[in-house]
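> Structural data only, the sequence is not supplied:
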């Protein structure tokens, strides 16, 4: 028996009317929005386009972008989003700090944290593949991780001490390390989703699970791979933060879950699955970072910034839904 072809675009059109078309149009809308934002920022903030400010924007977008890109396969597969992002990345961050503090070599600590996070992600993937609600599953996993780390650390700050990696918060050829990781990771995950069989199958499952099942595509396999990729991104985010700051605690990375989901939605990835690309998640993270930077430079309060970000997410979801509905009717 020959393996079925996973034709993602066709599946997207069949399973989610207008979804694929909306996802293809949204990058144009996002780029136009970004251009308008930059022009507005230049008008009200003279130093907005300075090299240092632009580097700051990209650095702020990097961690959120890495996790958003990693979550993209989960969302594209139809498993919606994870509500345990903050706790999972925090666990990776604390784990790396502890291992380095124990004297582990950098490379071994990095490998151990990635392996540990993938193992935790695979457990969640197995449960979701077995039929458990992905939102509830990831929420519960996040609660377990937070509780466990809190108990083990006693709620105290854990520090690396003098063993802090020299590359933490550093640069490669003048490019901040976290930005370089974002670019490379985005490229790798985008290629995986667009050029590999499992990537195309992921899109097909998200677009129309029934059609995928008839075609012989394993929903369980797609889900496990998606959660494995997601876990690698969480581990990278935690490691980069730990190496940069040299310390961590159970309350680290507060707000990361909202920022990552916002990046996915603003980037135009269909929340129901089947349409979008990981690079759009990275673009969404940059777009949100630009908005946040504009507000910081213009003295918006923290509450005001959060309110504006929420409004942007709602506007993006409504606009994408309208495009999808019009394409479906057309």
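Now that the structure is in, tell me what you want to look at. These numbers come from a predicted model, not from an experiment. Numbering: from 1, shown residues only.
> And the helices in the stretch 151-300 of the chain?
Ranges of helices within the stretch 151-300 of the chain are 177-195, 197-207, 209-214, 219-245, 256-266, 278-297, based on DSSP state H, counting those that start in this stretch.
> Could you give me the buried positions within stretch 174-184?
By 16 or more other Cβ atoms under 10 Å, the buried positions in stretch 174-184 come out as 176-179, 181-183. Any C-beta I mention is one placed from the backbone N, CA and C, and that applies to glycine too.
> and residue 155, what are its phi and psi?
Per-residue torsions, residue 155: phi 70, psi 10 (degrees, to the nearest 10).
> So that it lines up with my notes, have the first residue be 38 from now on.
Happy to do that; since the first residue is 38 now, the last one works out to residue 192.
> From residue 183, how far out is it?
Applying Cβ to Cβ, to the nearest Å, the value for residue 192 to residue 183 is 11 Å.
> The two - which one has more neighbours?
residue 183 (18 against 11; other Cβ atoms under 10 Å).
> who touches that one in this structure?
Remark: with contacts taken as Cβ atoms under 8 Å, 6 or more residues apart in numbering, residue 183 is in contact with 124, 127, 287.
> What about the last one, how many residues nearby?
Taking other Cβ under 10 Å as the neighbour definition, residue 287 ends up with a count of 23.
> now it, nearest residue through space, not along the chain?
Leaving aside its chain neighbours, residue 287 sits nearest to residue 187 (4.3 Å; criterion: Cβ to Cβ, 6 or more residues apart in numbering).
> quick check, the one you found in a strand?
No. Counting by DSSP: H, G, I helix; E, B strand; the rest coil, residue 187 is not part of a strand but helix.
> Does the residue most central in space within the chain lie in a helix or a strand, and which?
Central residue of the chain (Cα atoms, centre = their mean): residue 105, 1.2 Å from the mean position. Counting by DSSP states H and E, the element that carries residue 105 is helix 88-111.
> Now the element after that helix, going C-ward?
Assigned by DSSP H and E, the successor of helix 88-111 is helix 122-138.
> What average pLDDT does the helix or strand that comes right after that next one get?
Using DSSP H and E, the next helix or strand after helix 122-138 towards the C-terminus is helix 143-166. Across helix 143-166, pLDDT averages out at 96.
> got the angle for helix 143-166 vs helix 122-138?
Orientation check (axes from the mean of the first three to the mean of the last three Cα atoms, to 10 degrees): helix 143-166 against helix 122-138 gives 150 degrees.
> how far is helix 143-166 from where the chain is centred?
16 Å (Cα atoms, centre = their mean, to the nearest Å).
> rewinding a little: so which of the helices of the stretch 188-337 of the chain is nearest residue 179?
Residue 179 lies closest to helix 293-303 among those, at 8.0 Å (Cβ to Cβ).
> who touches the closest one?
The contact list for helix 293-303 (Cβ under 8 Å, 6+ apart) reads 67, 100-102, 104-105, 108-109, 112, 118-123, 126, 179, 274, 308, 318-319, 321-322, 324-325, 346, 349-350, 353-354, 357.
> any chance of the contacts of residue 183 in JSON lines, plus pLDDT and distance to residue 171?
What follows is these, written out as JSON lines (pLDDT from 0 to 100; distance: Cβ to Cβ, whole Å):
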{"residue": "124", "pLDDT": "95", "distance to residue 171": "15"}
{"residue": "127", "pLDDT": "95", "distance to residue 171": "20"}
{"residue": "287", "pLDDT": "89", "distance to residue 171": "24"}
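> number of nearby residues for the closest residue to residue 230 other than its chain neighbours?
Nearest-residue entry for residue 230: residue 236, 3.8 Å, with adjacent residues in sequence omitted and distances by Cβ to Cβ, 6+ apart. Using other Cβ under 10 Å, the number of residues around residue 236 comes to 25.
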